[in-house]
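# my questions are about this predicted structure, shown below with the sequence.
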Amino acid sequence: MRIKFSKADFSTDHPLVLMVSDGGGLLSAAEALDKKTNGSISRVIKNEDFEGTLGEVLVLNAPNGLKSSKIVLVGVGDPKRLQVGSAQLVGGKIYPHLAHQNAAYVIVDSMPGSKLSATEFSANLAFGALLRSYRFDKYRTKEKKKDQPKLKNLIIGVREFAKARKIYSSLSKVANGVFLTRDLVSEPANILFPESFVERARELKKLGIKIQVLGEREMRKLGMGALLGVAQGSQRTPRLLSMRWDGAPNSSNKRPIAFIGKGVTFDTGGISIKPSGGMEDMKWDMGGAGVVTGLMRVLAERKAKVNAVGVAGLVENMPSGTAQRPGDVVKTMSGQTIEVINTDAEGRLVLADAMWWCQQKFKPHTMIDLATLTGAIIISLGHHHAGMFANDDELANRLTKSGEETGERVWRMPLGDDYDNQVKSQIADMKNVGGRDAGSITAAQILQRFVQDGVKWAHLDIAGVTWSNTDSPIVPKGGTGFGVRLLDRLVAEHFEE
Ligand code: BES
Ligand code: MN
Ligand code: ZN
């Protein structure tokens with residue numbers, strides 16, 4: 001789909017999308033067309049009880065006197081309450097009604113009382129439609145043509161079209177990162193494994209990202225016994241990937257912000273094997289690494305003025321004759337030892353070494369890790385918030401705010417000594433599970449033991465938000481890319497110079 005911006009033109013023969021405010025009030029474009037067609041649009045609105053609430057859609061056959069054959073009315077609600085998120089939602093809501101047209105024409109007029117300009121609105125509407133248009137269809141070889149979306153041109157008519165095009169152009173870079181993340185998360189584990197994940201990441205080199213990859217031997221030398229313990233049951237050898245973007249002006253010595261992702265390319269549970277029902281979901285247990293990679297792409301493509309590093313701990317968790325056993329004790333790169341009570345609590349083992357290495361190597365001032373870490377976070381928060389844990393209130397508040405602004409919401413959870421006590425071990429410095437109670441919190445406590453003094457840290461447990469089984473306005477079902485827009489926003493607001 002190509003998105004174009006131009007001057008509003010009613011004489012188009014493409015399907016037309018028109019805005020309606022709450023109470024069914026026609027905005028100027030719709031009003032003009034209504035006049036031209038002797039009030040037929042307002043008659044239908046009345047007849048169908050169309051209220052114009054935000055995102056409400058009504059499709060009608062175009063009345064006589066118009067060239068286009070179809071009209072899509074979309075509600076914007078109360079113009080005074082419009083935000084960029086509402087514009088994105090409108091774009092996402094109209095897309096499915098246009099997907100099977102060759103082209104469509106959206107007219108965005110200025111909305112009385114709105115703090116959001118028509119220019120901003122139109123760029124964000126386009127962004128929302130683009131995000132909704134994502135499909136992972138590379139393995140569908142027999143899908144009928146008529147079932148495939150064919151929208152080639154989405155044209156947006158708006159007064160300041162050149163300005164809108166410019167805003168959209170930077171938003172589309174964010175979409176590129178979201179799409180990369182969704183692609184990675186959607187790939188099955190026979191295609192995406194540690195080595196092939198690294199190959200995908202290498203494509204970011206052309207955007208100016210520096211890639212470094214550690215293999216098994218190097219990790220052994222560095223003493224990463226926890227990450228390697230998870231990997232040892234698999235035929236696929238592990239990788240530790242780093243992606244650096246040095247975009248701060250006069251950058252050489254400025255400490256970076258670091259993003260670290262759990263990249264378990266498939267999680268069978270290992271010897272503590274998972275039940276087979278639903279196990280296919282564990283192809284997306286590399287969601288954290290996927291977000292980090294997509295985010296790095298956004299930062300580089302939009303040339304963010306920040307030094308940032310992304311790290312992905314890439315392993316496959318398999319049961320086999322070489323797999324680690326419950327009861328094994330592993331030694332992490334930090335020197336701390338972990339008793340592995342349950343081989344299915346593997347993400348924290350991978351992150352323990354990935355986080356430590358990241359801090360030793362890059363000396364970040366701030367470190368944010370993302371992981372599909374616990375089923376328990378889905379019990380706590382469902383699919384509507386990611387769990388957030390942090391050792392710094394300012395960082396936590398900023399994440400909460402960026403979450404509200406982007407719709408990728410996070411909810412802060414507690415940390416504390418009482419929880420930390422649950423992971424004490426009889427024979428090692430800690431054990432990798434803390435019992436059934438507070439499962440997401442005890443997992444976070446383990447991670448916190450690998451945060452170095454003075455480093456601001458947040459952990460996002462994204463197990464509930466990485467995959468969706470239902471379509472929502474700007475996120476079609478499947479891999480969501482949750483976290484890319486959130487963290488891009490956080491960086492743009494607080495970490496760029
Ligand atoms: N990858 C899973 C967590 C998960 C569950 C992600 C469901 C997405 C959807 C993680 O490695 C895991 O298995 N966690 C265990 C921990 C337990 C053994 C302490 C869990 O949540 O059951
Ligand atoms: Mn697991
Ligand atoms: Zn896992």
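Thanks, I have the structure now. Model, not experiment: these values are computed from the prediction. Ligands and ions are numbered 1, 2, ... in the order given.
# now for the spatially closest residue to K80 that is not a sequence neighbour, how many residues are close by?
With sequence-adjacent residues excluded and distances taken as CB to CB, 6 or more residues apart in numbering, K80 is closest to G113, at 4.6 Å. To be clear about C-beta, it is placed using only N, CA and C from the backbone, and glycine gets the same treatment. If you count neighbours by other CB atoms under 10 Å, G113 ends up with 11.
# please name the bridge partners of the closest residue to D9 other than its chain neighbours.
In space, and not counting its chain neighbours, D9 is closest to G157: 5.8 Å by CB to CB, 6+ apart. Beta-bridge partners for G157, by DSSP bridges, are S6, I107.
# quick one on the thing from earlier: hang on, isn't the residue nearest to K80 packed against R81?
No. G113 lies out of contact with R81 (CB atoms under 8 Å); the separation is 9.3 Å.
# and the protein, which residues reach ligand 3?
Proximity of the chain to ligand 3, by CB under 5 Å from the ion, involves residues 264, 267, 285, 347.
# among those, which are located in helices?
Per DSSP state H, helices hold the following members of the residues of the chain next to ligand 3: G347.
# turn the residues of the chain next to ligand 3 into CSV, columns for distance to ligand 1 and pLDDT.
Below are these laid out as CSV (distance: CB to the nearest ligand atom, whole Å; pLDDT from 0 to 100):
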residue, distance to ligand 1, pLDDT
V264, 6, 99
D267, 5, 99
D285, 4, 99
G347, 5, 99
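# reformat the residues of the chain next to ligand 3 as CSV; add neighbour count.
Below are the residues of the chain next to ligand 3 laid out as CSV (neighbours: other CB atoms under 10 Å):
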residue, neighbour count
V264, 30
D267, 26
D285, 27
G347, 29
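# let me know whether stretch 421-431 sits next to ligand 1.
No. Between stretch 421-431 and ligand 1, judged by CB under 6 Å from any ligand atom, nothing touches; the nearest distance is 10.3 Å.
# list the buried residues for that stretch?
Going by neighbour count (16 or more other CB atoms under 10 Å), the buried part of stretch 421-431 is 422-423, 428-431.
# isn't R220 right next to G229, touching?
No. Counting by CB under 8 Å, R220 does not reach G229; the two are 11.3 Å apart.
# neighbour-wise, which of these two wins?
G229 (27 against 12).
# three-state assignment of the more buried one?
helix (DSSP: H, G, I helix; E, B strand; the rest coil).
# and the pLDDT for it?
For G229, the pLDDT comes out at 99.
# span of stretch 5-17 from start to end?
Start-to-end span of stretch 5-17 (CA to CA, to the nearest Å) is 14 Å.
# contact partners of that stretch?
Contacts with stretch 5-17, where a contact means CB atoms under 8 Å, 6 or more residues apart in numbering, come from 29, 32-33, 36, 62, 66-74, 94, 98, 101-109, 122, 126, 155-159, 161-162, 164-165, 168.
# among the residues you listed, the buried ones, what's the PyMOL command?
Selecting only the buried entries of those in PyMOL, with 16+ other CB under 10 Å as the criterion:
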select buried, resi 29+32+33+62+66+68+70+71+72+73+74+94+98+101+103+104+105+106+107+108+109+122+126+155+156+157+158+161+164+165+168
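# partners of the worst-scoring helix or strand of the chain on mean pLDDT, with directions?
Each helix and strand of the chain was given a mean pLDDT (mean pLDDT, DSSP states H and E); the minimum falls on strand 25-26 at a mean of 80. Sheet pairing of strand 25-26 (DSSP bridges) gives strand 16-21 (antiparallel).
# tally of neighbours for the residue lying closest to G55 once chain neighbours are set aside?
Once flanking residues are discounted, G55 sits nearest to K93: 4.5 Å by CB to CB, 6+ apart. For K93, the neighbour count with other CB under 10 Å is 23.
# what's the angle between the helix or strand hosting K93 and strand 16-21?
Element membership of K93 [criterion: DSSP states H and E] is helix 84-98. Orientation check (axes from the mean of the first three to the mean of the last three CA atoms, to 10 degrees): helix 84-98 against strand 16-21 gives 140 degrees.
# can you tell me the closest non-neighbouring residue to the one residue in the stretch 101-250 of the chain that gets nearest to ligand 1?
Closest residue of the stretch 101-250 of the chain to ligand 1, CB to the nearest ligand atom: V230 (9.6 Å). Distance criterion CB to CB, 6+ apart; nearest residue to V230, sequence neighbours excluded, is E346 at 4.5 Å.
# on the pLDDT front, check D109 for me.
pLDDT at D109 comes out at 88.
# returning to that earlier point: between the residues of the chain next to ligand 3, which is nearest ligand 2?
Ligand 2 lies nearest to D267 out of those, by CB to the ion, at 4.4 Å.
# is that closest one in contact with E280, as I believe?
No. The pair D267 and E280 fails to qualify as a contact (CB under 8 Å) at a distance of 11.0 Å.
# before we move on, back to that, who touches the residue nearest to V230 in this structure?
So E346 contacts 230, 264, 267, 270, 315, 317 (CB under 8 Å, 6+ apart).
# how far away is it from A371?
10 Å (CB to CB, to the nearest Å).
# cool, E56 as well?
The spacing between E56 and A371, counted by CB to CB, is 37 Å.
# same question, L227
Computed with CB to CB, the distance linking L227 and A371 is 13 Å.
# cool, and L154?
Counting by CB to CB, the gap from L154 to A371 is 36 Å.
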